[in-house]
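> Got a predicted structure here, sequence first:
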Amino acid sequence: MKTQRIFLIVLDSVGAGALPDAAAYGDEGANTLGHIVQQAAPRLPNLYAMGLGRIPGVGGPAQAVSGAYGRAAERSAGKDTTTGHWEIAGLRLTRPFPTYPHGFPPEVIDAFEKAIGRQTLGNVPASGTAILDELGEEHMRTGRPIVYTSADSVFQIACHEQIVPVETLYGMCRAARALLQGEHAVGRVIARPFVGEGRGRFQRTGRRRDFSLPPIGPTLLNALFDAGLFTMGIGKIEDIFCMSGLKESDHAAGNPACVASLLKAMERDFCGLVFVNLVDFDSVYGHRRDVDGYARALEAFDQSLPDIQSRMRPGDWLILTADHGCDPTYTGTDHTREYVPILAWRPSMSAPIDLGTRETYADIAATVAELLGLQQRFGAASFANLLEQ
């Protein structure tokens with residue numbers, strides 16, 4: 001059966017157990033899915049029916065499976081959004097993006113302040129919610145943007161929407177992106193607009209934007225686009241890939257909006273790929289170490305699966321994966337170096353297929369390319385032959 005449409009959904013941060021080199025990243029013993037299942041026992045009947053519980057280390061109830069399941073290791077150095085998504089799309093990094101555990105050096109901050117014409121606050125690694133409580137009121141008094149980072153390669157700028165207009169904040173991010181090249185080429189500059197009246201009442205809004213480095217080489221999206229196939233990003237996919245290889249994009253904010261956009265896209269006729277990121281698992285629950293909230297978000301996605309599956313056609317494939325971990329039971333508030341799950345399903349499936357442990361996330365790119373009739377394999381191993389058995 002010829003594949004026409006593929007829907008690739010990244011469950012942002014939904015990792016499936018520590019990688020063998022996790023200790024080198026300070027993440028030995030992390031297991032996002034496994035620990036959430038153990039501690040919160042989310043009801044995920046539709047994900048388990050696709051094979052989630054058969055992935056090593058995940059756990060869950062025994063039940064019949066009609067889907068393909070496995071996990072993939074990250075070959076690239078790092079554990080961040082950009083690195084993970086690029087590898088899923090066939091582009092692997094040999095060295096990680098720079099990080100700043102002690103804040104950004106004077107040559108970066110001084111140049112940024114000169115470019116935007118105002119001084120900054122912060123310049124420290126911090127939790128995005130904690131730093132608003134710490135510096136939000138001073139920001140409101142002074143108009144100085146809050147600059148902070150994390151264990152990931154990010155330059156984050158937070159501004160209150162009533163103090164600094166969001167478009168002005170985006171302009172600051174573009175200025176930072178232009179400066180952060182070469183030695184200081186962080187993976188992402190992130191706009192973090194927020195609202196609220198004071199400490200304990202600040203809330204980040206859905207107008208976040210990511211200003212990523214352009215991909216350093218061709219990706220699955222470029223290969224599909226160049227072959228005349230349809231490509232669409234939903235959520236922050238357009239930010240991660242700087243629109244490279246995308247014909248269309250819907251920058252929907254939050255899991256419910258992204259799922260709604262996906263359902264709308266599924267009504268269309270096309271041959272190609274819809275690439276979706278569901279960010280709330282990571283940004284709302286993982287980084288805030290909210291185990292119960294993370295479990296409820298997984299349940300909400302699981303409840304949306306029947307609607308997604310009911311809109312699929314005989315030539316369609318649904319592929320679910322993740323880009324890294326963010327174990328809410330772990331120490332700190334940062335990403336964790338983990339395997340990612342792979343679940344694949346099409347309407348005609350009636351039996352389980354074990355995809356095993358893949359050596360790289362890029363196996364997904366190789367598989368999508370082969371299913372859509374392309375010859376590129378991105379130096380990875382396609383599992384299309386297993387899916388079509």
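Received, thanks. These numbers were taken from a predicted model, which means no experiment stands behind them.
> Would you map the helices across the stretch 201-350 of the chain?
Taking DSSP state H, counting those that start in this stretch as the test, the helices found in the stretch 201-350 of the chain are 220-226, 237-240, 255-265, 280, 291-310.
> Give me whichever of these is most buried.
helix 237-240 (a mean of 24; mean count of other CB atoms under 10 Å). Bear in mind the C-beta positions are built from the backbone N, C-alpha and C, glycine included.
> What lies in contact with that one?
Residues outside helix 237-240 that contact it (CB atoms under 8 Å, 6 or more residues apart in numbering) are 81-82, 85-86, 188, 209-212, 246, 249, 251, 275-277.
> same question, stretch 23-43
For stretch 23-43, the external contacting residues (CB under 8 Å, 6+ apart) are 13-18, 22, 52, 55, 57-60, 79, 286, 291-292, 294-296, 298-299, 302, 325-330, 336-338, 341.
> Show me just the buried residues among those.
Among those, those buried by neighbour count (16 or more other CB atoms under 10 Å) are 13-18, 22, 52, 55, 57-60, 79, 286, 291, 294-295, 298-299, 302, 325-330, 336-338, 341.
> got TSV for the helices of the stretch 201-350 of the chain, with mean pLDDT and distance to residue 171 too?
Converted to TSV, the helices of the stretch 201-350 of the chain look like this (pLDDT from 0 to 100; distance: least, CB to CB, whole Å):
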stretch	mean pLDDT	distance to residue 171
helix 220-226	98	27
helix 237-240	95	16
helix 255-265	98	25
helix 280	96	27
helix 291-310	98	32
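> of those, which approaches residue 112 most closely?
With respect to residue 112, and counting by CB to CB, the nearest of those is helix 237-240 at 19.7 Å.
> chain center to that closest one: distance?
10 Å (CA atoms, centre = their mean, to the nearest Å).
> now stretch 85-93
12 Å.
> what's that stretch in contact with?
The contact list for stretch 85-93, computed with CB under 8 Å, 6+ apart, reads 8, 10, 74-78, 83, 215-221, 223, 237, 240-241, 275, 277, 321, 323, 360-362, 364-366, 369, 376, 378-380.
> ok, now stretch 46-60?
Against stretch 46-60 from outside (CB under 8 Å, 6+ apart): 16-17, 31, 33-34, 37-38, 44, 61-71, 298, 301-303, 305-306, 309, 320, 339, 341, 343-345, 352-354, 357.
> For ChimeraX, what selects the buried ones among the residues you listed?
Per 16+ other CB under 10 Å, the buried members of the contacts of stretch 46-60 correspond to this ChimeraX selection:
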select :16,17,31,33,34,37,44,65,67,68,69,70,71,298,301,302,305,309,320,339,341,343,344,345,353
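> ok, now which ones touch residue 283?
12, 208.
> related to what we said a few turns ago, closest one to residue 157 among the helices of the stretch 201-350 of the chain?
Of all the helices of the stretch 201-350 of the chain, helix 237-240 sits nearest to residue 157, with 14.4 Å by CB to CB.
> can you tell me how far the residue lying closest to residue 251 once chain neighbours are set aside sits from residue 76?
Leaving aside its sequence neighbours, residue 251 sits nearest to residue 238 (CB to CB, 6 or more residues apart in numbering; 5.9 Å). To residue 76, residue 238 is 21 Å away according to CB to CB, to the nearest Å.
> Could you do residue 258 as well?
The value you get for residue 258 to residue 76, if CB to CB is used, is 24 Å.
> How about residue 114?
Taking CB to CB as the measure, residue 114 falls 34 Å from residue 76.
> Between these two, which has more neighbouring residues?
Remark: of residue 114 and residue 76, residue 76 carries more neighbours, 21 against 11, as counted by other CB atoms under 10 Å.
> can you give me the strands for the stretch 201-350 of the chain?
203-204, 209-212, 230-234, 248-250, 272-278, 316-321, 340-345 (DSSP state E, counting those that start in this stretch).
> Save those strands as CSV, and put in distance to residue 143 and mean pLDDT too.
What follows is the strands of the stretch 201-350 of the chain, written out as CSV (distance: least, CB to CB, whole Å; pLDDT from 0 to 100):
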stretch, distance to residue 143, mean pLDDT
strand 203-204, 18, 92
strand 209-212, 20, 91
strand 230-234, 34, 98
strand 248-250, 32, 98
strand 272-278, 32, 98
strand 316-321, 42, 98
strand 340-345, 41, 98
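> need those in JSON lines with distance to residue 153, can you?
As requested, the strands of the stretch 201-350 of the chain are arranged in JSON lines below (distance: least, CB to CB, whole Å):
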{"stretch": "strand 203-204", "distance to residue 153": "20"}
{"stretch": "strand 209-212", "distance to residue 153": "10"}
{"stretch": "strand 230-234", "distance to residue 153": "21"}
{"stretch": "strand 248-250", "distance to residue 153": "23"}
{"stretch": "strand 272-278", "distance to residue 153": "18"}
{"stretch": "strand 316-321", "distance to residue 153": "21"}
{"stretch": "strand 340-345", "distance to residue 153": "19"}
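> between those strands, which one is nearest to residue 175?
Closest among the strands of the stretch 201-350 of the chain, once you apply CB to CB, is strand 209-212, at 9.9 Å.
> Verify the stated contact: residue 163 with residue 141.
No. The pair residue 163 / residue 141 is not scored as a contact, 9.1 Å apart, by CB atoms under 8 Å.
> Tell me which of the two has more neighbours.
Remark: of residue 163 and residue 141, residue 163 carries more neighbours, 17 against 9, as counted by other CB under 10 Å.
> Helices along the stretch 51-200 of the chain, start to end?
81-88, 106-116, 128-142, 166-179.
> Contacts for the longest one next, please.
Right, helix 128-142. For helix 128-142, the external contacting residues (CB under 8 Å, 6+ apart) are 119, 121-122, 124, 126, 144-146, 148, 156, 158-160, 163, 192, 194, 196, 198-200, 202, 204, 287-288.
> Mind checking which of those residues are buried?
Buried among these (16+ other CB under 10 Å): 121-122, 124, 126, 144-146, 148, 156, 158-160, 163, 192, 194, 196, 202, 204, 287-288.
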